[in-house]
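Asks: for reference, the sequence and a predicted model appear below.
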Amino acid sequence: MVRCNKCREEAAADAPQLCRKHFMDYVEDTIHNTIASRCLFSRDDRIGVGCSGGKDSTVLLSVLMKLGYNVTALAVDEGIAGYRDASLASLKEYCASNRLPLKTLSFAEVSGITLDAHAAVKKPACTGCGKMRRHLLNRLGHGFDAVAVGHNLDDEAQGILMNLLRNQIAKLSATGPVAGITEVAGFVRRVKPLYFVTEKQVMAYAVLIGLPVSFDECPYARYSYRAQVRDALNDLEAVQAGAKRRIVEWFMRVKPKLMEAMKKEAGAPISADQVSEFLRASGVNA
Amino acid sequence: MGDGHKNIFKARARGFRHRQASPLFIPFHLGILIKGDGFLHRMDIYLEREKRRVMVRHTGTGAALLKKLCINPETVLIIRSDSVVPLKSKLSDNDSVRIIPVISGG
């Protein structure tokens, strides 16, 4: 029997090898420390949590509730038939059972077309989808002190590597536990409390607390550059344990200097005219 | 660098993830058989992403099982009775496990 590093009970997770109780404490403490040390938000703030019904956002919602924060779920419906409807149904059920307020907005409501229609014209659809999602989440987030998203350590390591490989230094410097370089009018602060929690730890936490987790992957995700970087990083991690964490730690060390250097170049984190851009890419005259 | 990564790269190069299970594709010397072909005392494994069940003769750690199935341990969790099985934990032929992907969403 593999034992917990802290109490010698049977281990319920690896990396770190801990029992159920200590593993849950570890994940919750990591999230709490990220919020406190990076000044993401305080207990008095109203927090909107960007939710998709997937494991990351549902775990984030669950932990923030447990830590006593004032949270509201915010969901964006891209209009992906057979995928998003199922995950949003599961999110609605979760919010109803926990008496959590939920605000939703869809691509169709704002632009008149769904992501399915956009993807029929433009592939890979991920770039347009990502920008629209951030734009709509920002709209939903008006009136909140911050919008928390469920990006984990794996997502961030992928983002850092993608920006490096594309030589997008301004974009690279704008990532981090708090998105953006400068405060921009109309942009709600976007923060990432799961920044130092790995994807595997998030999934293990979701299993241990019995969250209803969907194992589905977005049907368009496999066409993306991110999917290629993710696979390469996972292969690297299998032979060099801790590679992803070291990428993020390296970035956190150089980020202050990068931010200083890029302050003049960086604009608003999201384009103000995002809807028109999405429609143009979909072949619709905006 | 050990030899473990070579198996992963080779398996990906062969497109292992995208193929359906078939007795012809899965090497018999590994002791992997499709359920229902009459062999007993094999570990019952449900692969959540592929939504299929395989029977494997295996006594050893979770990490060794994933290596046998050519699955990168970074991408999955082994679940037994709604609990996560650490990679160093021993598994035997009588176990029934689920292998779930940690990558979801998009």
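Replies: Sure thing, it's come through.

Asks: mind listing the strands for chain B?
Replies: Along chain B, counting by DSSP state E, strands occupy B:32-34, B:43-47, B:52-56, B:60-61, B:76-80, B:83-85, B:90-91, B:96-101.

Asks: was I right about B:Lys90 contacting B:Ala63?
Replies: No. Judged on Cβ atoms under 8 Å, B:Lys90 makes no contact with B:Ala63 at a distance of 10.7 Å. For the C-beta atoms, the positions are set from N, CA and C on the backbone; glycine is no exception.

Asks: of these two, who's got more company?
Replies: Taking other Cβ atoms under 10 Å in any protein chain shown, B:Lys90 and B:Ala63 do not tie; B:Ala63 has more neighbours (16 against 13).

Asks: return the helix or strand in chain B with minimum mean pLDDT.
Replies: Across the helices and strands of chain B, mean pLDDT, DSSP states H and E gives its lowest value to strand B:32-34, namely a mean of 52.

Asks: neighbours of B:Asp93, how many?
Replies: 15.

Asks: what sits against it?
Replies: With contact set as Cβ atoms under 8 Å, 6 or more residues apart in numbering or on different chains, B:Asp93 has these partners: B:41-43, B:57-59.

Asks: low-confidence regions, the stretch 151-286 of chain A specifically.
Replies: Low-confidence segments of the stretch 151-286 of chain A (pLDDT under 70): A:181-182, A:264-274, A:279, A:282-286.

Asks: in it, what residue comes closest to chain B?
Replies: Here the stretch 151-286 of chain A gets closest to chain B at one residue, A:Cys218, 2.7 Å apart by Cβ to the nearest Cβ.

Asks: quick check on that residue: phi, psi?
Replies: phi -60, psi 130 (degrees, to the nearest 10).

Asks: ok, of the contacts of B:Asp93, which come out buried?
Replies: Neighbour-count burial (16 or more other Cβ atoms under 10 Å in any protein chain shown) applied to the contacts of B:Asp93 gives B:42-43, B:58.

Asks: I figured A:Asp77 hits A:Val110, correct?
Replies: No. A:Asp77 lies out of contact with A:Val110 (Cβ under 8 Å); the separation is 10.3 Å.

Asks: now do the same for the residue nearest to A:Val191 when sequence neighbours are not counted: its pLDDT.
Replies: Leaving aside its sequence neighbours, A:Val191 sits nearest to A:Leu40 (Cβ to Cβ, 6 or more residues apart in numbering or on different chains; 4.1 Å). pLDDT recorded at A:Leu40 is 95.

Asks: for A:Leu40, helix, strand, or coil?
Replies: coil (DSSP: H, G, I helix; E, B strand; the rest coil).

Asks: list the contacts for it?
Replies: Applying Cβ under 8 Å, 6+ apart to A:Leu40 gives the contacts A:34, A:146, A:148, A:177-178, A:191-193.

Asks: same question, A:His151
Replies: Taking Cβ under 8 Å, 6+ apart as the test, what A:His151 contacts is A:56, A:159, A:192, A:194-195.

Asks: give me the subset of these lying in helices.
Replies: Mapping these onto helices (DSSP state H) picks out A:56, A:159.

Asks: for the contacts of A:His151, which single residue is the most surrounded?
Replies: Among the contacts of A:His151, A:Leu194 has the most neighbours (other Cβ under 10 Å), with 28 neighbours.

Asks: that one touches A:Gln201, doesn't it?
Replies: No. Using Cβ under 8 Å, A:Leu194 is not in contact with A:Gln201; the gap is 9.0 Å.

Asks: list the residues that contact both of those two?
Replies: Residues touching both A:Leu194 and A:Gln201 (Cβ under 8 Å, 6+ apart): A:Asn152.

Asks: and for A:Gln17, nearest residue in space, chain neighbours not counted?
Replies: Spatial nearest neighbour of A:Gln17, chain neighbours left out: A:Ala11 (4.9 Å); criterion: Cβ to Cβ, 6+ apart.

Asks: what do you get for A:Lys244?
Replies: Nearest in space to A:Lys244, with sequence neighbours left out and distances taken as Cβ to Cβ, 6+ apart, is A:Ala157 at 4.0 Å.

Asks: which element is that neighbour on?
Replies: Assigned by DSSP states H and E, A:Ala157 belongs to helix A:153-165.

Asks: which neighbouring elements make contact with the longest strand anywhere in chain A?
Replies: The residue-count maximum for a strand in chain A (DSSP E) belongs to strand A:70-77. Strand A:70-77 is packed against strand A:46-51, helix A:55-66, helix A:84-97, strand A:102-106, helix A:107-111, helix A:126-140, with contacts defined by 3 or more Cβ pairs under 8 Å, 6 or more residues apart in numbering or on different chains; DSSP states H and E.

Asks: what's the offset of it from the middle of its chain?
Replies: Using Cα atoms, centre = their mean, to the nearest Å, the mean C-alpha position of strand A:70-77 is found 13 Å from that of the whole chain.

Asks: same check, this time on stretch A:30-45
Replies: The answer for stretch A:30-45 is 16 Å, by Cα atoms, centre = their mean.
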